[in-house]
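Undergrad: here is a sequence together with a model predicted from it:
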Amino acid sequence: MTAEDRGQLTTEQPNPRSVRLGRMTVRQSVEAINAEDATVAGAVQAALNDVCRAIELVVNAFRSGGRLIYVGAGTSGRLGVLDATECPPTFLSGPGMVQGIIAGGPAALTRSVEGAEDHEEDGAAAVEEREVGPKDVLFGIATGGTTPFVHGAIKRARKRGAKTVFLACVRAEEVADDADVSIRVVTGPEALTGSTRMKAGTATKMVLNMVTTVAMAQIGKVYRNLMVDVNTATNAKLVDRGARIVEGCTGRSREASRALLEAAGGKVKTALVMHARNVDRDEAERMLEGVDGNVGRILDS
């Protein structure tokens, strides 16, 4: 296998501020890494215009019944799968609404399958397997910018009519892409040279958090800053959170809030409408259907 020289990439450059990492004390090492991490939010902020453009694509996809599909390899792939996995319990979204594809398949989530990222045709095949289409957004993540699996997925998704987003931590002049929206969060050299699981991984997590949280809020799955579509059927912690949301929004006692939530079938939004409009569960759910589940349109009217 012929290895491409990637030494010119920002993410592969040695960091002069941590050049003595292997000889530093523990305290010096963590201070050096922490100082690098402190720069990540600024790098994300510089890319916010493109993050907003990406979110608008995702919102349009959700409103038309489409999906957000992350694609990545290694840390990037794992972070995409993680964000997708967190959406159903957080927003009560369908399991297929946000998906994650990682090069090498599920086995790559728990162990390194490094060679899996090297083939564009495999990324294209993954897009075909998911039947990506015009309603969907294919969101490729490649912090170093060069991952063939991701570029292959984006190219095939575009051919199939999907909107595409590319997220990298190198400048477009270093590595180009074919996506509709290109997000470049330039985090600079890593404290451990080339280890993009560090600052680049942190930046990726920050961007993906924004994408799904804001998109879900835009389609009515958030009221104020509350997780009103939380899946209370998942575990006791989320039952407690749902009851506290009902308590805070209605002013009812803790016990009365839990009783109302139970009468609402564990659905926070239904419980809030039942209280606000003094209706039963069936009528509350009918009202929510009339506003596409956007409870704020009922509670704030």
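TA: Noted; the coordinates are in hand.

Undergrad: what's stretch 123-140 in contact with?
TA: If you take Cβ atoms under 8 Å, 6 or more residues apart in numbering as the criterion, stretch 123-140 is touched by 54, 57-58, 61, 64-72, 80, 99, 101, 103, 147-157, 160-167, 177, 179, 211. From N, CA and C alone the C-beta is placed, and that goes for glycine too.

Undergrad: run the chain-centre distance for that stretch.
TA: 16 Å (Cα atoms, centre = their mean, to the nearest Å).

Undergrad: dump that stretch to PDB, restricted to CA.
TA: The C-alpha trace of stretch 123-140 is given here as PDB (Å, rounded to 0.1, in the frame of the first residue of the first chain):
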ATOM      1  CA  GLY A 123     -18.500   4.600   1.500                       C
ATOM      2  CA  ALA A 124     -20.600   4.700  -1.600                       C
ATOM      3  CA  ALA A 125     -21.800   1.200  -0.900                       C
ATOM      4  CA  ALA A 126     -22.900   2.200   2.600                       C
ATOM      5  CA  VAL A 127     -24.900   5.000   1.100                       C
ATOM      6  CA  GLU A 128     -26.600   2.600  -1.300                       C
ATOM      7  CA  GLU A 129     -27.400   0.200   1.500                       C
ATOM      8  CA  ARG A 130     -29.200   3.000   3.500                       C
ATOM      9  CA  GLU A 131     -31.000   4.000   0.300                       C
ATOM     10  CA  VAL A 132     -30.100   7.600   0.800                       C
ATOM     11  CA  GLY A 133     -32.300   9.900  -1.200                       C
ATOM     12  CA  PRO A 134     -33.400  13.500  -2.000                       C
ATOM     13  CA  LYS A 135     -35.100  14.000   1.400                       C
ATOM     14  CA  ASP A 136     -32.000  13.100   3.400                       C
ATOM     15  CA  VAL A 137     -28.800  14.900   4.600                       C
ATOM     16  CA  LEU A 138     -25.600  13.000   4.400                       C
ATOM     17  CA  PHE A 139     -23.100  14.500   6.900                       C
ATOM     18  CA  GLY A 140     -19.500  13.400   6.400                       C
END
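
Undergrad: for it, which positions count as buried?
TA: Using 16 or more other Cβ atoms under 10 Å as the burial criterion, the residues of stretch 123-140 that qualify are 123-124, 126-127, 130, 132, 135-140.
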